[in-house]
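> Sequence and predicted model, in that order:
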Amino acid sequence: MATVIRMKRGGRSHAPYYRVVVVDSRDKATGRVIEEIGVYHPCAKPAPKTEILEDRALDWLSKGAKPSDTVRNELHRLGVMAKHHAARTGKKKSK
């Protein structure tokens, strides 16, 4: 199954929040969710809030799930992409 990690929008006008979900890439954007792995609140005060289950994200990435551009940026900011790259190449993270 071709899976992607993307954001599913919720909230009201001018106050969005997103659930980070794993879905089948062939389903429509509002299709069936396989697993919810986190949330993203861009309008949270005082700063945007991102909570992603790192172990689940790494598991799905290792299974071949492709993150969307926005999810990839958030995973990179949280350090998950560096851990995924280190696991793939067999190298330890320098920090």
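Looks like it arrived, so ask away.
> helices or strands up against the helix or strand containing Val71?
Element membership for Val71, per DSSP states H and E: helix 69-78. Counting contacts by 3 or more C-beta pairs under 8 Å, 6 or more residues apart in numbering; DSSP states H and E, helix 69-78 is packed against strand 3-12, strand 49-52, helix 80-89. C-beta: built from backbone N, CA, C; applies to glycine.
> For Gly64, find the nearest of the ones you listed.
The closest of the helices and strands packed on helix 69-78 to Gly64 is strand 3-12. By C-beta to C-beta, the value is 7.1 Å.
> Report the angle between that closest one and helix 69-78.
Comparing the axes of strand 3-12 and helix 69-78 via axes from the mean of the first three to the mean of the last three C-alpha atoms, to 10 degrees yields an angle of 100 degrees.
> any idea what sits nearest the most centrally placed residue in the chain, other than its immediate chain neighbours?
Centroid-nearest residue in the chain: Val71, 4.5 Å away (criterion: C-alpha atoms, centre = their mean). Leaving aside its sequence neighbours, Val71 sits nearest to Ile5 (C-beta to C-beta, 6 or more residues apart in numbering; 5.1 Å).
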